[in-house]
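In: Sequence plus the predicted model coming up.
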Amino acid sequence: MSVKVSHLLKIYDTQRAVDDVTFEAHKGEVLGFLGPNGAGKTTTMKIITGYLPQSGGTAEVCGFDVAEQPMEARARVGYLPEHNPLYREMYVREYLAFTAGIHRVANPRRRVDEMVERTGLTSHRHKQIGELSKGYRQRVGLAQAMLHDPEVLILDEPTSGLDPNQIVEIRQLIKDLGREKTVILSTHILGEVEAVCNRAIIINKGKLVADAPIQELKQRFTGQSIVTAEFAESADKNLLAKIKNVQSVKNLGKNQWQLIAPSDKDIRADVFAFAVANKLTLLELRKETYSVEEVFQQLTK
């Protein structure tokens, strides 16, 4: 694995900002890191990146302990913090060249040009950072995080301040990066997690309360399999109730029905067969799941 966190602890006076958090993040995945304000997300990310020492437990990046081998660990991390710290008096290319020098990037001019193009900064590369909109400053921060080609990218609210078109572009870039790197993404936009991430971690009051693939997370709290079916013609409720594994039937209005089955049963094929046998035109058939937003509310309210 690229990132391994074991029993991580951070204490401020009497407050446990991070309380016994354990998880792993692997190469080739985008891990969503979620939680309400003050839950401990940013503190955890700062510990992983070496910006903040932990009070207990361990954090490793590519096999290097961030406390015992800080330089080796940091060299393998690209970090975009929530409040993106930039030298606003510098020009975009100048700042990226400066950052490339710090990382001792081989062939820095070519790498800077590559990052400028990849993050959509080409038309703004000769501008002062202070003249840029918040969205373009965010792109500069993302470019510097990726400049030294790190194995791990930690992004805290990477689409903050972007317009809808820019958000789509940056999300696609993050997904592309996730195929070759380990990406840990913190965001308050829960739809972004569904659009970009393979897996999600939810932290609340310093404690880890969920760690699962997105689809598994969305299904975890239903406790049952819920299917919605809509027919063009009227259907008999009593006949619908006789479909294999159906426990209850509810009419949702007109010819739309909600069918409930045990959580481990997918009854869609049986509903389709029922429609064929009864010469019904099936207009819609879908399996309902919780959204990530609903799961988040269940775990953190």
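Out: Yep, that arrived. Numbering: from 1, shown residues only.
In: From what I see, Leu138 and Asp156 are in contact.
Out: Not Leu; residue 138 is Gln. No. Under the criterion of Cβ atoms under 8 Å, Gln138 makes no contact with Asp156, lying 10.9 Å away. For glycine as for every other residue, the C-beta is placed from the backbone atoms N, C-alpha and C.
In: joint contacts of the two?
Out: Leu80 (Cβ atoms under 8 Å, 6 or more residues apart in numbering).
In: quick one: stretch 286-299 to chain centroid distance?
Out: 15 Å (Cα atoms, centre = their mean, to the nearest Å).
In: Over to stretch 292-300?
Out: 14 Å.
In: List the buried residues in it.
Out: Val292, Val295, Phe296, Leu299, Thr300 (16 or more other Cβ atoms under 10 Å).
In: contacting residues around the residue lying closest to Leu132 once chain neighbours are set aside?
Out: Once flanking residues are discounted, Leu132 sits nearest to His124: 6.2 Å by Cβ to Cβ, 6 or more residues apart in numbering. By Cβ under 8 Å, 6+ apart, the contact list for His124 reads Val92, Leu132, Tyr136.
In: mind redoing it with 10 Å?
Out: Tyr91, Val92, Arg93, Val116, Glu131, Leu132, Ser133, Tyr136, Arg137, Arg139, Val140 (Cβ atoms under 10 Å, 6 or more residues apart in numbering).
In: three-state assignment of Phe272?
Out: Here Phe272 is recorded as helix under DSSP: H, G, I helix; E, B strand; the rest coil.
In: doesn't Asp266 make contact with it?
Out: No. Using Cβ atoms under 10 Å, Phe272 makes no contact with Asp266, being 11.3 Å away.
In: Show me how far stretch 52-63 is from its chain's centre.
Out: Worked out by Cα atoms, centre = their mean, stretch 52-63 lies 21 Å from the chain centre.
In: Export only the CA atoms of that stretch, formatted as CSV.
Out: Extracted in CSV, the C-alpha atoms of stretch 52-63 (Å, rounded to 0.1, in the frame of the first residue of the first chain):
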residue,chain,number,x,y,z
LEU,A,52,2.0,18.2,12.0
PRO,A,53,3.4,15.6,14.5
GLN,A,54,1.0,13.0,15.9
SER,A,55,0.5,12.3,19.6
GLY,A,56,0.4,8.5,19.1
GLY,A,57,0.2,5.8,16.4
THR,A,58,2.0,5.7,13.1
ALA,A,59,1.6,7.0,9.6
GLU,A,60,3.6,5.6,6.7
VAL,A,61,4.0,6.8,3.1
CYS,A,62,5.4,4.2,0.6
GLY,A,63,6.9,2.4,3.5
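In: hmm, back to that, go through the contacts of His124 and say which is closest to Ser225.
Out: Checking those against Ser225 with Cβ to Cβ, the nearest one is Arg139 at 42.9 Å.
In: what's the following helix or strand after the biggest helix by length in the chain?
Out: Longest helix in the chain, counting residues (DSSP state H): helix 164-178. Next along the chain after helix 164-178, taking DSSP states H and E as the criterion, comes strand 182-186.
In: mean confidence for that next one?
Out: Averaging pLDDT along strand 182-186 yields 94.
In: tell me the helices in the stretch 1-150 of the chain, going along the chain?
Out: Here the stretch 1-150 of the chain has its helices, by DSSP state H, counting those that start in this stretch, at 41-49, 70-74, 92-102, 108-118, 134-146.
In: Present those as TSV; the columns should include distance to Ile189.
Out: Formatted as TSV, the helices of the stretch 1-150 of the chain follow (distance: least, Cβ to Cβ, whole Å):
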stretch	distance to Ile189
helix 41-49	14
helix 70-74	28
helix 92-102	26
helix 108-118	22
helix 134-146	14
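In: can you redo those helices as JSON lines with mean pLDDT?
Out: JSON lines is the format used below for the helices of the stretch 1-150 of the chain (pLDDT from 0 to 100):
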{"stretch": "helix 41-49", "mean pLDDT": "92"}
{"stretch": "helix 70-74", "mean pLDDT": "93"}
{"stretch": "helix 92-102", "mean pLDDT": "94"}
{"stretch": "helix 108-118", "mean pLDDT": "93"}
{"stretch": "helix 134-146", "mean pLDDT": "90"}
